[in-house]
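Chemist: got a sequence here, can you model it:
(chains A and B)
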Amino acid sequence: AQRVTQPEKLLSVFKGAPVELKCNYSYSGSPELFWYVQYSRQRLQLLLRHISRESIKGFTADLNKGETSFHLKKPFAQEEDSAMYYCALRGTSGSRLTFGEGTQLTVNP
Amino acid sequence: DTGVSQNPRHKITKRGQNVTFRCDPISEHNRLYWYRQTLGQGPEFLTYFQNEAQLEKSRLLSDRFSAERPKGSFSTLEIQRTEQGDSAMYLCASSPTSGRTSSYNEQFFGPGTRLTVL
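Modeler: From the prediction side, this is the model:
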């Protein structure tokens, strides 16, 4: 079975502060991990994936297989980063995505 | 807008009625997915198609739910004898498949259909 856990439903930081959104997963094989973001009144969209190893909008995420984590980080949060963030996993056997419950990030001015 | 589209955007129905939702994927995408999202939760997988073939169904997809993609283009999701527990946002997504592997292919989501069962 595959499972994704995002322990924080709400996260609030001030502009310019570092932010880390936590994601832990459970999967017996080698998964693909993703972060999706949903801005207010917009559709769900891919932010980044672990395979790409890229930084998008200043965000990075490193897959830690030992700790089964894929935390999303940004050194200096901006107000426009306020959104709902979902961590998602895709297993090797199929195409489905398994999502976490999401973390609502609010960046205060 | 060339993204995934869903209709209707909102549907209010009475318990026991049947409802049908439509999803139009991005035109060159072979794969089409349905997810359900309830309040405070992340999207949950329901089913997916590659072209017109339904390749995987979740246990969440009870016998009251049926999905089709008859010509490998748009898809419909029907819920029969709706129950209040069916109230949710129903999301559709599509993705291309590459010739070698689909592992990296991004799923593009539609705006969703919000169903309210009274």
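Chemist: and for whichever residue of chain A sits closest to chain B, nearest residue in space, chain neighbours not counted?
Modeler: Nearest to chain B in chain A, going by Cβ to the nearest Cβ, is residue A:99, at a distance of 3.2 Å. No exception for glycine: its C-beta is placed from N, CA and C like everyone else's. Leaving aside its chain neighbours, residue A:99 sits nearest to residue B:42 (3.2 Å; criterion: Cβ to Cβ, 6 or more residues apart in numbering or on different chains).
Chemist: my read: the one you found touches residue A:103, true?
Modeler: No - the pair residue B:42 / residue A:103 is not scored as a contact, 10.1 Å apart, by Cβ atoms under 8 Å.
Chemist: where does residue 57 land on pLDDT?
Modeler: Just going to use chain A. If you check residue A:57, the pLDDT there is 91.
Chemist: not what I meant, chain B
Modeler: 91.
Chemist: let me see the contact set for it.
Modeler: By Cβ atoms under 8 Å, 6 or more residues apart in numbering or on different chains, the contact list for residue B:57 reads B:46, B:47.
Chemist: ditto for residue A:3
Modeler: A:25, A:26, A:27, A:98.
Chemist: in TSV: those, plus secondary structure and pLDDT.
Modeler: Below are those laid out as TSV (DSSP: H, G, I helix; E, B strand; the rest coil; pLDDT from 0 to 100):
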residue	secondary structure	pLDDT
A:25	strand	96
A:26	strand	94
A:27	coil	90
A:98	strand	95
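Chemist: show the buried residues in those.
Modeler: Those of the contacts of residue A:3 that meet the buried threshold are A:25, A:27, A:98, by 16 or more other Cβ atoms under 10 Å in any protein chain shown.
Chemist: of those, closest to residue B:34?
Modeler: Among those, residue A:98 lies closest to residue B:34 (Cβ to Cβ), at 14.5 Å.
Chemist: that closest one contacts residue A:89, doesn't it?
Modeler: Yes - with contact defined as Cβ under 8 Å, residue A:98 reaches residue A:89; the gap is 4.9 Å.
Chemist: who touches both of these two?
Modeler: By Cβ under 8 Å, 6+ apart, the residues touching both residue A:98 and residue A:89 are A:2, A:4.
Chemist: residue contacts, whichever residue of chain B sits closest to chain A?
Modeler: Residue of chain B nearest chain A, by Cβ to the nearest Cβ: residue B:42 (3.2 Å). For residue B:42, the contact set (Cβ under 8 Å, 6+ apart) comprises A:4, A:6, A:86, A:88, A:99, A:100, A:101, A:102.
Chemist: chain B contacts on chain A?
Modeler: Counting by Cβ under 8 Å from any Cβ of the partner chain, chain A comes close to chain B at A:4, A:6, A:9, A:32, A:43-46, A:49, A:51, A:86, A:88, A:90, A:94-102.
Chemist: change it to 10 Å
Modeler: Contacts of chain A with chain B, taken as Cβ under 10 Å from any Cβ of the partner chain, map to A:4, A:6, A:9, A:32, A:34, A:36, A:38, A:41-46, A:49, A:51-52, A:84, A:86-88, A:90, A:92-102, A:104.
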